[in-house]
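> have a look at this prediction, sequence included:
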Amino acid sequence: MPGREGQLDLHLRHMEAGDLADAMRLKELAGWNQTEDDWRLFLGSEPEGCFVAQVGSRVVATAATMRCGPRLAWIGMVLVDPDFRCRGIGTRLAEIVVDRLRGHPTVGLDATPAGRKIYERLGFKEEYGVLRMRAERAPEIAQPPGPLQPLQPLGVGDLEAIASLDRQAFGGDRQPVLEDFLRRAPESAWQLVPAGRVSGFCLGRPGAHSHQIGPLVAQADEDAVLLAGAALSRLECGPVVMDVPEARTGLREWLGRRGFVVERAFARMYLGEAALRAASRAAQGMQFAVAGPEFG
């Protein structure tokens, strides 16, 4: 897919496994938290939805997509080398991935402040803000002794039930993402099962710089706090982050009392079907921490 942006001899092509080192270089330049496992999840799920922009032999930008069932698709991993920013490369990649996802009624993403203007020009609308909250160390949180009913560890056999609940909260099917998170961080995987039916869950994953807790889906503030406390109490690592919708003030205040501070902000944006966006707004009552800007 050769092309030219300004005076650049720019080539856009599908990403390959051999590009992972370049993708990680761009991620480090941006100070993002992703790991190679995150990139591999995109490549394994949607190999033809991952792209790189190349100038000469140098990879200067990336973008990735993931189809979450027939109604929703997600865009993530949009990175541009600082030496090549403000040259239209990010916009061109965004146009390519949006065009590829035309068959989906709705396309979603979490935009940084720098990227928001690009997506607004493409027709994306902000639905709500998300705040990244970070603690230098996982707080010490005591759990009650004895059985933790209805709080239970989450295992492989529980994935179908939590995937169903996640579809209600997120608006699309991302069971492969949930499976991957459980494999990588079983200590962060918890569920609430009152009366034998799952009503909330929490997952997490290791990051390059911080362990991430999320998604966290619950029915009420007290349930979200219980799940977050269980996940945090099992961590023995250093920094930890959670991406919390701005409207979830109860959880944010609870985290603040335990040493978390706001590190950065994202804008959750959607393009397309208004009905699904309205459902997403209603589902904010269930989303207490999102999976991260790359996975929704």
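Yep, that arrived. Residues are numbered from 1 along each chain as shown.
> low-confidence ranges, the stretch 101-250 of the chain, go.
142-149 (pLDDT under 70).
> surely V78 and I96 touch.
No - V78 is beyond contact range of I96, at 10.8 Å (criterion: Cβ atoms under 8 Å). (Each C-beta comes from the backbone N, C-alpha and C, glycine too.)
> the more surrounded of those two?
V78 (23 against 17; other Cβ atoms under 10 Å).
> give me the common contacts of V78 and I96.
Residues touching both V78 and I96 (Cβ atoms under 8 Å, 6 or more residues apart in numbering): A63.
> which stretches of the stretch 151-296 of the chain form helices?
Secondary structure of the stretch 151-296 of the chain (DSSP state H, counting those that start in this stretch): helices at 159-170, 175-184, 221-233, 249-256, 274-283.
> which of the ones you listed sits closest to V55?
Closest approach to V55 among the helices of the stretch 151-296 of the chain is made by helix 175-184 (31.5 Å; Cβ to Cβ).
> go through the closest one and flag the buried ones.
The neighbour-count check on helix 175-184 (16 or more other Cβ atoms under 10 Å) flags 175-178, 180-182, 184 as buried.
> what does stretch 103-113 give?
Of the residues in stretch 103-113, those buried (16+ other Cβ under 10 Å) are 104, 106-112.
> looking at the residues you listed, which is nearest T249?
D110 (19.4 Å).
> so what pairs up with the closest one in the strands?
D110 forms beta bridges with R268, as assigned by DSSP bridges.
> shouldn't it be in contact with V290?
Yes - contact criterion Cβ under 8 Å: D110 and V290 qualify, at 7.3 Å.
> which residues are in contact with each of the two?
130, 243, 268, 296.
> quick check: closest non-adjacent residue to the first one.
In space, and not counting its chain neighbours, V130 is closest to F266: 4.4 Å by Cβ to Cβ, 6 or more residues apart in numbering.
> E187: what's it in contact with?
204, 231, 234-235.
> from K117, how far off is it?
39 Å (Cβ to Cβ, to the nearest Å).
> could you pull out the helices for the stretch 1-150 of the chain?
Under DSSP H, counting those that start in this stretch, the stretch 1-150 of the chain gives helices at 20-30, 36-45, 89-100, 113-121.
> distance to T65 added to those helices, as TSV?
Output for the helices of the stretch 1-150 of the chain, formatted as TSV (distance: least, Cβ to Cβ, whole Å):
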stretch	distance to T65
helix 20-30	14
helix 36-45	8
helix 89-100	5
helix 113-121	14
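> looking at these, spot the one closest to H211.
helix 36-45 (13.1 Å).
> show me how far that closest one is from its chain's centre.
13 Å (Cα atoms, centre = their mean, to the nearest Å).
> so what touches it?
15, 17, 20, 23-24, 49-50, 64-66, 76-77, 176-177, 180, 184, 205-206, 294-295.
> same question for that helix: list its buried residues.
For helix 36-45, by 16+ other Cβ under 10 Å, it's 38-39, 41-43, 45.
> how close does A161 sit to A138?
The separation that A161 has from A138, given Cβ to Cβ, amounts to 27 Å.
> these two: which is more packed in?
Taking neighbours as other Cβ under 10 Å, A161 and A138 compare with A138 leading, 21 against 15.
> what's near enough to touch the residue lying closest to the more buried one once chain neighbours are set aside?
Excluding its sequence neighbours, the residue lying closest to A138 (Cβ to Cβ, 6+ apart) is L235, at 3.8 Å. Contacts for L235 (Cβ under 8 Å, 6+ apart) come out as 138, 187-188, 211.
> emit the ChimeraX select command for whichever of the contacts of helix 36-45 are buried.
Burial among those is assessed by 16+ other Cβ under 10 Å; the matching ChimeraX selection reads:
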select :15,23,24,49,50,64,65,66,76,77,176,177,180,184,205,206,294,295
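> thinking again about what came up before, please identify which of the buried residues of stretch 103-113 is nearest to R85.
Among the buried residues of stretch 103-113, and counting by Cβ to Cβ, the member closest to R85 is T112, at 12.2 Å.
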